[in-house]
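Peer 1: Provide a 3D model corresponding to the input given below.
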Amino acid sequence: MAKTTMDLVQAAKSVITEINIQQANDMLAKGSIAMDVRELLEYETGHIANARHISRGMLEFMIGNHPDFQDKSISIVVYCKSGGRSALATATLQQLGFSNVQSMLGGFDEWSKGSDIPPQTQA
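Peer 2: Numbering: from 1, shown residues only. Sure, this is the predicted structure:
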């Protein structure tokens, strides 16, 4: 039987750590890197300050050459719009050997509602 997208997301969520908005903000304040895995247009519309952008579809191909992700033990908070792509990306990063990576529950939508920190936009 073929799997659905939600089956894949649920499988990813069973092997990753998800954190809430407050935990994400605390981690980012302590130096964790925010990784935005949405599409470029979504990122340019607004993102967490200083977030690094690698779209989910290009993650496996671009992460190895990105200068900010050469240390696979760095703390990374992964987010997307609502949490599905970030769960898949977090599972992928773990498979690629990243050991300190978490997915932000609710994604940018929830962060925008629940954070006191305004989003950044492209100039």
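
Peer 1: How about Ile33: what's its closest non-neighbour residue?
Peer 2: Ile76 (5.2 Å; Cβ to Cβ, 6 or more residues apart in numbering). All C-beta atoms are positioned from the backbone trio N, CA, C, and that covers glycine.

Peer 1: ok, that neighbour - contacts?
Peer 2: Going by Cβ atoms under 8 Å, 6 or more residues apart in numbering, Ile76 touches 32-35, 69, 93, 98, 100-102.

Peer 1: pLDDT, distance to Ile16 and secondary structure added to those, as JSON lines?
Peer 2: Shown next, in JSON lines, are those (pLDDT from 0 to 100; distance: Cβ to Cβ, whole Å; DSSP: H, G, I helix; E, B strand; the rest coil):
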{"residue": "Ser32", "pLDDT": "98", "distance to Ile16": "15", "secondary structure": "coil"}
{"residue": "Ile33", "pLDDT": "98", "distance to Ile16": "16", "secondary structure": "strand"}
{"residue": "Ala34", "pLDDT": "98", "distance to Ile16": "16", "secondary structure": "strand"}
{"residue": "Met35", "pLDDT": "98", "distance to Ile16": "13", "secondary structure": "strand"}
{"residue": "Phe69", "pLDDT": "97", "distance to Ile16": "17", "secondary structure": "helix"}
{"residue": "Leu93", "pLDDT": "98", "distance to Ile16": "9", "secondary structure": "helix"}
{"residue": "Phe98", "pLDDT": "98", "distance to Ile16": "11", "secondary structure": "coil"}
{"residue": "Asn100", "pLDDT": "98", "distance to Ile16": "12", "secondary structure": "coil"}
{"residue": "Val101", "pLDDT": "98", "distance to Ile16": "8", "secondary structure": "strand"}
{"residue": "Gln102", "pLDDT": "98", "distance to Ile16": "7", "secondary structure": "strand"}
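
Peer 1: looking at those, which has the most residues close by?
Peer 2: For the contacts of Ile76, the largest neighbour count, defined by other Cβ atoms under 10 Å, is 28 neighbours, found at Met35.

Peer 1: correct me, but it touches Asn50?
Peer 2: No. Taking Cβ atoms under 8 Å as the definition, Met35 is not a contact partner of Asn50, at 10.8 Å.
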